[in-house]
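Enquirer: I would like the atomic coordinates for the input below:
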Amino acid sequence: MNPLNLPLELPIARYRFDFRVTSPMLLPVYAGSTLRGVFGHALRRVACMTKMEDCHICPLQRTCPYTNIFQMSEKQELGHSQKHTPPNPYILEASEDQKRHYQPGEILTFHLVLVGAARGQLALITFALQQAMQKGVGAQQGTAVLDKVWVENNQQWELIYSPELQVLQNHINTITLPQAYSSHVLLTIKTPMRIQSQGSGLGVEKITARHLLIQVLRRVQTISSLYMQVNFELNQDTLQQIDNVQSECHLKWQDWKRYSNRQQREMILGGIIGEWELLNIPVEFSQLLYIGQWLHIGKQTVFGHGRYVLQEVKK
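Expert: Next up is the predicted model:
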């Protein structure tokens, strides 16, 4: 069953990076923003050829790995709210155990989801992450060295790099869509999912299944169009079927603080976490929800927010 008529193999891959800590490290509760920051600085150092301060006027902007991964240029084909800041083809997923203190010898693990052509830059991305972690990260500028790299394949982790292997190994870097989809699922939301309406995050009392499903539709449509060369639309009848979806929520709101270097201030954000059971889902939206497990939903997805896992409910 392929209700959206998508390619059965999608160019999406999730990688796991294991770093062995070499000096004491202190990370925030949700470390995705911090890890993304040091990754971006390191990627620019290793990828930039011109050393120009402003990427927007660089003659190599369209072919530069840094801008094509980390700082996408304006996309006129997107709607007004997204065209100036299009989503990037990666999502950094920090460890969900919220461990903050690391001592020498301990392993720091995080995931990186890559979409489309960004997967072809894995070697450069890995090198940039090595440079970033060796330079220092977090409040104590703790350091670490790369121990292993894994790729997710059919819910299993396959080792593709270790010091003994020396170089990244060839591997499958796509996800395979299932042949059937359930109309009754349980979403376990792992990291704060911030879905907004009129500029404000929707809390537990206001958020609905319609908000969730429209958000995953927009997210998958945008990423598919930009990075997979896949375009699809849903007809009005399918969209109206959302109103028949039943839901039972066990959610709570969780705030999250981060310091924005760009705005030079602390920002307090937040989103919902917990479990959300959905029943009578149109099959098109079941397929979208499956793909959304890699792409995340809501605001700050690039930091790893809005991550969920899907489980079929059998009753």
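Enquirer: Any regions of the protein where pLDDT drops low?
Expert: 74-84, 258-265 (pLDDT under 70).
Enquirer: List the contacts of the residue positioned nearest the centre of it.
Expert: Nearest residue to the geometric centre of the chain (CA atoms, centre = their mean): Ile91, 2.7 Å. Ile91 makes contact with Leu112, Val113, Trp294, Leu295, His296, Thr301, Val302, Gly304, according to CB atoms under 8 Å, 6 or more residues apart in numbering. Quick note: C-beta positions are derived from backbone N, CA and C, even for glycine.
Enquirer: Tell me what the closest residue to it other than its chain neighbours is bridged to.
Expert: Nearest non-adjacent residue to Ile91, counting by CB to CB, 6 or more residues apart in numbering: Val113, 4.2 Å away. Beta-bridge pairing for Val113 (DSSP bridges): Arg14, Ile91.
Enquirer: Distance check, Val113 against Asn280.
Expert: From Val113 across to Asn280, the span is 29 Å (CB to CB, to the nearest Å).
Enquirer: any idea which element Trp129 lies in?
Expert: Actually, residue 129 is Leu rather than Trp. helix 122-135 (DSSP states H and E).
Enquirer: before we move on, back to that, isn't the residue nearest to Ile91 up against Gly292?
Expert: No - contact criterion CB atoms under 8 Å: Val113 and Gly292 do not qualify, at 11.4 Å.
Enquirer: what is in contact with those two at once?
Expert: By CB under 8 Å, 6+ apart, no residue touches both Val113 and Gly292.
Enquirer: Enumerate every residue touching Lys135.
Expert: Val38, Ala42, Gln141, Thr143.
Enquirer: Looking at the residues you listed, which are in helices?
Expert: Using DSSP state H, the members of the contacts of Lys135 that fall within helices are Val38, Ala42.
Enquirer: So among the contacts of Lys135, which ones count as buried?
Expert: With burial judged by 16 or more other CB atoms under 10 Å, the buried subset of the contacts of Lys135 is Val38, Ala42, Thr143.
Enquirer: and which of the residues you listed is nearest Ser73?
Expert: Nearest to Ser73 among these is Ala42, at 20.8 Å by CB to CB.
Enquirer: Quickly note the distance from the residue nearest to the centre of the chain to Phe127.
Expert: 20 Å.
Enquirer: Show me the helices in the stretch 151-300 of the chain, by range?
Expert: For the stretch 151-300 of the chain, applying DSSP state H, counting those that start in this stretch gives helices covering 209-223, 236-240, 283-295.
Enquirer: closest one to Glu248 among these?
Expert: helix 209-223 (10.0 Å).
Enquirer: which residue packs closest to Ser197, ignoring adjacent ones?
Expert: In space, Ser197 is closest to His211, 7.1 Å off (CB to CB, 6+ apart).
Enquirer: ugh, wrong one, Pro192
Expert: Gly271 (3.1 Å).
Enquirer: Neighbours of the one you found, how many?
Expert: If you count neighbours by other CB atoms under 10 Å, Gly271 ends up with 26.
Enquirer: give the contact list for it.
Expert: Taking CB under 8 Å, 6+ apart, one finds 191-195, 201, 253-254, 256, 298-299, 305-306 in contact with Gly271.
Enquirer: same thing with Ser247?
Expert: By CB under 8 Å, 6+ apart, the contact list for Ser247 reads Thr208, Ala209, Trp276, Glu277, Leu278, Leu279.
Enquirer: so Leu279 touches Val245, yeah?
Expert: Yes - between Leu279 and Val245 there is a contact under CB under 8 Å: 7.0 Å.
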